[in-house]
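Undergrad: Need coordinates for the below:
(3 chains)
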Amino acid sequence: MAQVKNRLNPFFENITFDREDNEMILNFGPQHPSAHGQLRLMLHLQQEMIVKAHPDVGYLHRGMEKMAENMIYNEFMPTTDRMDYIASSSNNYGFALAVEKLVGLEVPRRAQVIRMMLLEINRLMSHLFWLATTALDIGAMTVFLFAFREREYLMDIIEGYCGARLTHSAIRIGGVPLDIQDSFIAQLKDFLDKLPQNIKDYEDLLDTNRIWLMRMEEVGTISKEMALSWGCTGPMLRASGVAWDIRKEEPYELYDEVEFNVPWSDKGDNFARYRVYMEEMRESAKILYQTITMYQKCVKDGQTELMAHAPKYVSAPKLDIMTQNYSLMQHFVLVTQGMRPPVGEVYVATESPKGELGFFINSQGGPYPYRLKLRAPSFWHTGILTDLLPGHYIPDVVSIIGTTNIVFGEVDR
Amino acid sequence: MAQHKVNYTQDGGLPVALTSIDKIVNWGRSNSIWALTYGLACCGIEMMASGASRYDFDRFGTIFRASPRQADVMIVAGTLTKKHAEFIKRLYDQMTEPRWVISMGSCANTGGMFNTYATVQGVDRIIPVDLYLPGCAPRPETLQYGVMLLQKKIRANHASRAQKAKRLM
Amino acid sequence: MRAYTPKDDVQKRAYYTDRYYVSPQVPKSPVESDEVFNADLEAIKAKFEVLDAYIQVEQMVVFIKPEDNYKVLELMRDELEYTQLSELSAIDFLAQRGGFEIFYQMLSMNKRKRIRVKMFIENGASVNSVEKLFRSADWSEREMFDMFGIEANGHPFMKRILMPYDWQGFPLLKTYPLQGDEFAAWYEVDKIFGKEARDVIGPELRDTAKVDRYDSERFARLGHEVPKGTKITGNEPKNEQNYQEDGGVFLIKKFDKKDSVVIDDPQR
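TA: So this is what the prediction gives:
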């Protein structure tokens, strides 16, 4: 038989004119090239001015929280990759840290250093991607090509480490699965040495660009109160005048040992956010240089442990599994039945490239989480569009969506 | 159709080539596959990467278009959810014939790891698919290879004959 | 005898549990051990009834009565400097206790402290919306409604947020199966093609462990392809990967492997 005809009615929802007082409703998305995913916006317009905005999300809702309730803890790790897929390792890390806090694991120092390296590489990747797409939306194609070029170098490094370009699963509960490859540090140093010049290239292209300034400055201004009330975190909050960085304020891993600044601005507009992102890239590079030194010190001190030693929760090293009966049995139980964390609950927030990435886990002692809530920063950064867009013009929508840096894997989960 | 041994473009230096309608149409179609930007999830990022500086999709004649009316191929890159399913059908219907669909990544192929209430288990439940690319997420090379296979598929068609309507199942 | 499957919780279960296994507890410490938390708790206790309070994993957990939630959060925001509501959601305890536990995850940036305010509501009860206090609750409460069906009184737009408006069922309830119910299974088919197309489209293939014996005939390794229907033994000779037809392509330069360069070092 021929193709089945569909039942969908003709779609006139895009533009509605027959309203009083000259109001027009414009539908934006869910498949729009500059919506950064599947964002749908209902915009009520007075001429070009937006009077009411109604973001509609959920077009990428895949039921991750439900999946978590039906999976053992280690099994859920690859799913976290697909949340904020621009910076997968930061999600892996957030989840791993939450479980580690729940069961009380001590991660070896060398693994911590590797984790920090991965996290900061992911931050750089995410920020470069943000710059590329935002610039593309505003029309700066060159910056898009430049930033993707640098991102590919980082992807090569990550690929050498874990074998995947995008969905890393590079962090395990209790440590990291592998030591970094031999070429890692040389490649990373090569990249970091070039990075300041690259960032300067982008800034030369954008900072004094008239079009860029006109679309960025004084557009999408978020006041401090509004940012706090909407639960904004990360660069969105820092650009609005609150220098709150979880890496600094509630340090996890070894962030209290490294030297870095928290860039912030009190302007709150698109341009301030752009500046915060650019400065954060520089700070990430600074942290990465320090982690390289820390890693080399770990090697010198002979710290070879990569996974925590906790037979109840973490499998033994591969060598033990292959040679010792008890380790093999332990591994078998952990893989088939999963670890059983203690009864209790935990909320752990980490600073992902987008903001505060929180994992709330309620454990009832079983091998599956009883409830897992993913607190993804982009969810609220999308919500703020409700209050932020009114008063702006249609072209501003694109630049505001761009600088809020929303990723729909994370918004909808 | 008569076979001509002389290749004017090569031998005589003349800007003339003799061929059949089929071939010239298919040449045009296969080398200007304009793709609809349909980045749904993670695979959309790899799709962007294949369009960006390193993998440079433009050399295949593949240019991303924002409008389905201008697109020949729909690269479904990412998870299709039940809430979104309606829109993929609408967009597919808006594309002009001949049109092709590449299902990129496990989620689009079969639902992949998201075996949940909210995910459509394969876009081929909604629209007919020509090419399935495996991977989660497939590398840009996979997408490039897929586009090359699609080119081969297009060239194998008889453009001058009426096309068979694609079946959904 | 059929295996017993409880109706009130259809989530996956551990297939083996040691009968004598007693789960350990995540250690709880008394609130008095932390000065800041203690002061906060005293301030809350002065005005409202606190059912329970302890510190778990560096955060204070306070149980309050559900009718006080708006006022407690207002007090915390205005007087105790808990200026951000990070997260708000519910936990389904319908099977055990016949209700939901709702938590508000609060953050004080000045004190660098986090408090989790929790309360228990009966099944079918609604909560007071805190959307007036924290705009972030606007979307969180909608999500809570979407996932659990808990309504928030006084919310300006109490509609589904993640699932479509015409969705049936609340996905995060323990009674809702992971792979959806009958409605979910046919949702997109019913909506796009109509119910009569169900037979044509067919049911979803949800069995991840399903092995199709034809798969090994249909799919071959890249470069080891064989004609359709041939039995694959695994020892197929390596074919050159062929990007163009043998006869060449009209107007396109013939791809010649001898003339091309293979880049071995991806880091070039």
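Undergrad: For residue 52, list the residues it contacts.
TA: Answering for chain A, as no chain was given. If a contact means C-beta atoms under 8 Å, 6 or more residues apart in numbering or on different chains, then A:Lys52 has A:43-44, A:390 as its contacts. To be clear about C-beta, it is placed using only N, CA and C from the backbone, and glycine gets the same treatment.
Undergrad: actually chain C
TA: With C-beta under 8 Å, 6+ apart, C:Asp52 has these contacts: C:61-63.
Undergrad: 6 Å - rerun?
TA: Contact partners of C:Asp52, counting by C-beta atoms under 6 Å, 6 or more residues apart in numbering or on different chains, are C:Phe63.
Undergrad: got the phi/psi numbers for it?
TA: phi -160, psi 150 (degrees, to the nearest 10).
Undergrad: Could you report the distance from it to chain B?
TA: C:Asp52 is 34 Å from chain B, where distance means C-beta to the nearest C-beta, to the nearest Å.
Undergrad: coming back round to it: just the contacts of A:Lys52: which are in strands?
TA: A:43-44 (DSSP state E).
Undergrad: Most neighbours out of the contacts of A:Lys52, which is it?
TA: Comparing the contacts of A:Lys52 by number of neighbours (other C-beta atoms under 10 Å in any protein chain shown), A:Leu43 comes first, having 22 neighbours.
Undergrad: so is the residue nearest to it when sequence neighbours are not counted in a helix, a strand, or just coil?
TA: Excluding its sequence neighbours, the residue lying closest to A:Leu43 (C-beta to C-beta, 6 or more residues apart in numbering or on different chains) is A:Leu26, at 4.5 Å. Classification of A:Leu26 by DSSP: H, G, I helix; E, B strand; the rest coil places it in strand.
Undergrad: nearest to A:Ser327, of the contacts of A:Lys52?
TA: A:Leu43 (59.7 Å; C-beta to C-beta).
Undergrad: before we move on, back to that, let me see the confidence value for the residue nearest to A:Leu43.
TA: Among the per-residue scores, A:Leu26 shows a pLDDT of 82.
Undergrad: Equivalent analysis for A:Thr134, please.
TA: Predicted confidence (pLDDT) for A:Thr134: 90.
Undergrad: Just put the contacts of A:Lys52 in JSON lines and tack on pLDDT.
TA: Below are the contacts of A:Lys52 laid out as JSON lines (pLDDT from 0 to 100):
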{"residue": "A:Leu43", "pLDDT": "86"}
{"residue": "A:His44", "pLDDT": "85"}
{"residue": "A:Pro390", "pLDDT": "89"}
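Undergrad: between the contacts of A:Lys52, which is nearest chain B?
TA: A:Leu43 (17.7 Å; C-beta to the nearest C-beta).
Undergrad: ranges for the strands of chain B?
TA: Along chain B, the stretches classed as strands by DSSP E are B:35-36, B:64-65, B:73-77, B:100-104, B:131-133.
Undergrad: List the residues that contact B:Cys43.
TA: By C-beta under 6 Å, 6+ apart, B:Cys43 lies in contact with B:77-78, B:104-105, B:137.
Undergrad: same question, A:Met339
TA: Per C-beta under 6 Å, 6+ apart, neighbours of A:Met339: A:73, A:313.
Undergrad: Against A:Ser363, how distant is it?
TA: As judged by C-beta to C-beta, to the nearest Å, A:Met339 and A:Ser363 stand 10 Å apart.
Undergrad: ok so, going back, and the residue nearest to A:Leu43, how many neighbours does it have?
TA: 15.
Undergrad: cool, A:Ala239 as well?
TA: Count around A:Ala239 with other C-beta under 10 Å applied: 29.
Undergrad: next one: phi and psi at it?
TA: The phi/psi pair for A:Ala239 (degrees, to the nearest 10) is phi -70, psi -20.
Undergrad: Surely it touches A:Arg275?
TA: No: using C-beta atoms under 6 Å as the test, A:Ala239 is too far from A:Arg275 to be in contact (7.6 Å).
Undergrad: Tell me if stretch C:111-122 is near chain A.
TA: Yes: Stretch C:111-122 reaches chain A (C-beta under 6 Å from any C-beta of the partner chain) through C:Arg112.
Undergrad: how far is that stretch from where the chain is centred?
TA: 21 Å (C-alpha atoms, centre = their mean, to the nearest Å).
Undergrad: now do stretch A:155-165
TA: Per C-alpha atoms, centre = their mean, the centroid offset for stretch A:155-165 relative to its chain is 17 Å.
Undergrad: ok, now which ones touch the residue nearest to A:Ser363 when sequence neighbours are not counted?
TA: Excluding the flanking residues, the one nearest A:Ser363 by C-beta to C-beta, 6+ apart is A:Pro341, at 4.7 Å. By C-beta under 6 Å, 6+ apart, the contact set of A:Pro341 is A:102-103, A:363.
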